[in-house]
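# sequence first, predicted coordinates after that:
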Amino acid sequence: MVNEGILDINWSGKSILIVEDEELNYLFLETLLSATQAKVFHAWNGKQAVDQIKKDPENIDLILMDIKMPIMDGYQATKEIKVLCPSLPIIAQTAYTLGDDRGKSIAAGCEDFLTKPIRKKELLSIIVKYLS
């Protein structure tokens, strides 16, 4: 049922924070989400994401969190955000699938995990679990 209308999603009134240090990856995700009508925000690293949540915790409905970033990685940012907003859904995203990135992400507080390259249908299928 989730996948039947996955491309006709309307998340107007919802806000997604994309935490991504690579501009092309951010633009790709922003483009994929543009059809959903969700408001999209951007943080370049984990520290900016934590600062944004501290400043306005009620304005974000979901976070797409890159794991490997400068200044503050996604694991630490997730831990700090979960202290501030325990129920805010965070979905880890990473190109590094070797080792235990999925386990570390869940242990840090992420609700779900995506591997890059991200596919639109998979991205929307995961997000719909938390925004619908």
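Great, that's in hand. Bear in mind the structure is a predicted one, so any value in this text is a computation, not a measurement. Residues are numbered from 1 along each chain as shown.
# name the nearest residue to the spatially most central residue of the chain, ignoring sequence neighbours.
By C-alpha atoms, centre = their mean, the mean C-alpha position of the chain lies nearest to residue 64, the distance being 0.8 Å. Counting by C-beta to C-beta, 6 or more residues apart in numbering, residue 64 lies nearest to residue 18, which is 4.8 Å off, once chain neighbours are set aside. Glycine gets a C-beta too; all of them are placed from N, C-alpha and C.
# tell me the secondary structure for the one you found?
Secondary structure state of residue 18, per DSSP: H, G, I helix; E, B strand; the rest coil, is strand.
# which of the helices or strands spans residue 114?
strand 112-115 (DSSP states H and E).
# could I get the full set of strands for the chain?
15-19, 39-43, 62-66, 90-94, 112-115 (DSSP state E).
# output these in a markdown table; the columns should cover distance to residue 49 and mean pLDDT.
Listed next are these as a markdown table, based on distance: least, C-beta to C-beta, whole Å; pLDDT from 0 to 100:
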| stretch | distance to residue 49 | mean pLDDT |
| --- | --- | --- |
| strand 15-19 | 4 | 98 |
| strand 39-43 | 4 | 97 |
| strand 62-66 | 7 | 97 |
| strand 90-94 | 9 | 93 |
| strand 112-115 | 16 | 91 |
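# output the below-cut-off pLDDT ranges for this protein.
Scanning the chain with the threshold set as pLDDT under 70 gives 1-7, 96-99.
# could you redo the last one with a cut-off of 50?
Residue ranges of the chain with pLDDT under 50: 1-4.
# contacting residues around residue 37?
10, 11, 12 (C-beta atoms under 8 Å, 6 or more residues apart in numbering).
# can you list the residues that contact the strand holding residue 114?
For strand 112-115, using C-beta under 8 Å, 6+ apart, the contacting residues are 64, 89, 91-95, 97, 101-102, 105-106, 122-123, 126, 129-130.
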